[in-house]
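>>> Compute the structure for the input listed below.
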Amino acid sequence: MRAFLFAQALSASTLLAVPALAETITIEPSPVTEWKPVYGRVEAKETVPARARIGGTVTELSVSEGDAVEAGQEIARVHDDKIAFQIAALDAQIAALQAQLATAETELKRGEELVERGVATVQRLDQLRTAVDVARGQIAATRAQRAVVEQQAAEGQVLAPAAGRVLTVPVTRGAVILPGEPVATIGGGGFFLRLAIPERHAGTLEEGAELGIATDAGEARGRIAKLYPQIENGRVIADVDVEGLATAYVGLRLLVTLPVGSRTALLVPEGAVATRGGIDFVTLEDGRERAVVLGEAVSLDGAEMIEVLTGLVPGDRVVAP
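As a prediction, this is how the structure comes out:
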C-alpha cells in the first residue's frame, strides 16, 4: 500500500513539473512576408563612354578591360597626320605676313618723313598706317587659327571621363576612328544590383525595403535604393544597394529574395512539433495530440516558427517547450 501511494505521489509530482518546463501559447493568425526569388545583375551606377574628340589613327592604347582608371587619366592617343601639315602651312602664312608687315612698317616710316618734308600727303600716310594695321590683324588671326589647330592636336588625347573600371575597349592600336567614336567604356560611381521585377508586384515595392542576396560569401542584405517609374517590357526596374558587393565581374547574376507582399498564417514554434511515423503532431493544453500538416519555416521577431496549414484553428492552445 505504501509503495502504491509513493508511486502515485511521484506520478503527481511529475505531472506538476511538466508545466514548469513548457509554456502554452494561443494560436492566432500572424502576418507573414511573402518572398519572391529573382535574379539581379551587378552593374555600375554610371556607364560613360570615353570618346575620341578628333578623327585619326589610334597610336597609343594604355588600358584594357578590367583596369581601374582615374578621372582625367589618358587612356589612348589619336594622331592625325593632316594636323601637322596644317600647322606647317599656317607657320608659312605667318612668316609671309610678318614680311609684309615689315615692308608696310618701313613704308610707313618713309611716308612719315615725307609728310614732314611736305612731299607726301596726309591721305597717303593714312593709307600706309592702314596697311600696317591690316598686316598686324592678319598675323593675329593666323596665329589664332594656328592655336585652334594646336588644340585639335592636343585633343588627340583620349581621357577617362570618370574614375572607375574599364568595362569595354572596342578599338585596338592602329585602328582608324572618327570623331565621337568610343574608345573605352568606363563604369564608375560605385556598383549596385539592378532588378527587373514583374509589374504585378509594383504596388508592393517601396524604396528602402530590405531583401536578401545569395553570394559566394554567403547571405548578404541589401535595400532598394531607387525604383524607376518607367515600366519596360512588363518589368519594373529597381536598383539595390549592397554593402561589400563583389565587383570583379560586371553583369554577374545574383539570386535575390524580394518581399512582394504579406499574408496571414497560423504559426507554432518549431520545438512544439513532434514527428512520429512520418506524421507531425502538436500537443494541446489538455494533453491531447493533434496531427497537423506543416508549411514553410518562418522567422518571426527572431524566433524560428513553422506554418501550420491544417490541423489547428485560431484559438487553440498549444504546449511548446
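>>> in the stretch 101-250 of the chain, which spans are helices?
Under the criterion DSSP state H, counting those that start in this stretch, helices of the stretch 101-250 of the chain are mapped to 122-154.
>>> Where do the strands of it begin and end?
Counting by DSSP state E, counting those that start in this stretch, the stretch 101-250 of the chain has strands at residues 157-159, 164-168, 176-177, 182-198, 210-215, 218-232, 235-242.
>>> Which one of those strands has the poorest average confidence?
Among those, strand 210-215 carries the lowest mean pLDDT, at a mean of 80.
>>> any idea which residue sits dead centre in the chain?
The C-alpha lying nearest the average C-alpha coordinate of the chain belongs to Lys45 (C-alpha atoms, centre = their mean; 2.2 Å).
>>> Report the spatially closest residue to that one, excluding sequence-adjacent ones.
Excluding its sequence neighbours, the residue lying closest to Lys45 (C-beta to C-beta, 6 or more residues apart in numbering) is Gly189, at 3.8 Å. For every residue, glycine as well, the C-beta is placed using N, CA and C.
>>> same check, this time on Leu178
Using C-beta to C-beta, 6+ apart and skipping the chain neighbours, the partner closest in space to Leu178 is Gly55 (4.7 Å).
>>> and the one you found, how many neighbours?
Neighbour count for Gly55, taken as other C-beta atoms under 10 Å: 15.
>>> so what's it up against?
Val78, Asp80, Val176, Ile177, Leu178, Pro179 (C-beta atoms under 8 Å, 6 or more residues apart in numbering).
>>> hey, what's the third one bridged with?
What it means is Val176. Going by DSSP bridges, Val176 is paired in beta bridges with Thr57.
>>> if we can go back for a sec, and the residue nearest to Lys45, how many residues sit next to it?
If you count neighbours by other C-beta under 10 Å, Gly189 ends up with 14.
>>> Quickly note the distance from it to Glu304.
Computed as C-beta to C-beta, to the nearest Å, the Gly189 to Glu304 distance reads 40 Å.
>>> Hmm, Ile75 is touching Val158, no?
Yes - the criterion here is C-beta atoms under 8 Å, and Ile75 meets it with Val158 at 5.6 Å.
>>> The two - which one has more neighbours?
Each of Ile75 and Val158 has its neighbours counted (other C-beta under 10 Å); Val158 has more, 28 against 22.
>>> For the residue lying closest to that one once chain neighbours are set aside, identify the helix or strand it belongs to.
Using C-beta to C-beta, 6+ apart and skipping the chain neighbours, the partner closest in space to Val158 is Ala76 (4.0 Å). Assigned by DSSP states H and E, Ala76 belongs to strand 74-79.
>>> What strands line up against that strand, and which way round?
Partners of strand 74-79 in the sheet, by DSSP bridges, are strand 56-61 (antiparallel), strand 157-159 (antiparallel).
>>> what's the most buried one of the ones you listed?
Comparing the strands paired with strand 74-79 by mean neighbour count (mean count of other C-beta atoms under 10 Å), strand 157-159 comes out on top with a mean of 20.
>>> Need the contact partners of that strand.
Contacts of strand 157-159 (C-beta under 8 Å, 6+ apart): 50-53, 72-78, 183-184.
>>> Show me which pair in those residues is furthest apart.
The span of the contacts of strand 157-159, defined through C-beta to C-beta, is set by Gly72 and Val78 at 16.7 Å.
>>> quick one, which of these two is more surrounded?
Neighbour count, other C-beta under 10 Å: between Gly72 and Val78, Val78 has more, with 25 against 11.
>>> unless I'm mixing things up, the more buried one is touching Ala50, no?
No - using C-beta under 8 Å, Val78 is not in contact with Ala50, being 11.4 Å away.
>>> Overlap in contacts, those two.
With contacts defined as C-beta under 8 Å, 6+ apart, the residues shared by Val78 and Ala50 are Val158, Val183.
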